[in-house]
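**Q** Generate a structure from the sequence data that follows.
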Amino acid sequence: MSITAPASEVQKNFGAYHDRALVEPVRVTRYGRETVYIISADAYRSLKQAQRQAIASADLSDDEVKLIEDAEIPAEHRYSLDDLAE
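**A** Predicted coordinates for the structure are as follows:
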């Protein structure tokens, strides 16, 4: 869960929102539009670590390889080489 606060309020009470961000993300809006989130350093590191994780194909189980082989592209996301010429 996250809380939402306008940027002007965050600017006035940064310390309080800083402390709140240690527990949960703070969604900051400007003119009613979401612009940034304030998150803890631990949450940021966790997100970056998850983004960096890669798995070698040799590390996949036979079941995982089979799932990938059997996967199909949804019709609305398919294209042919003819589509590229357009």
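**Q** Please make it C-alpha for all contacts and neighbour counts, starting now.
**A** Noted.
**Q** a helix runs through Tyr79, doesn't it?
**A** No - under DSSP: H, G, I helix; E, B strand; the rest coil, Tyr79 falls outside any helix and is assigned coil.
**Q** What is the burial count for it?
**A** Residues lying near Tyr79 (other C-alpha atoms under 10 Å) number 10.
**Q** Next up, phi/psi of it, please.
**A** Main-chain torsions, Tyr79, degrees, to the nearest 10: phi -150, psi 160.
**Q** Tell me how far it lies from Ile73.
**A** Note on Tyr79: its distance to Ile73, by C-alpha to C-alpha, to the nearest Å, is 10 Å.
**Q** before we move on, what about Val23?
**A** On the measure of C-alpha to C-alpha, Val23 and Ile73 end up 39 Å apart.
**Q** Which residue ranges of this structure form helices?
**A** 7-12, 14-21, 41-52, 62-70, 81-85 (DSSP state H).
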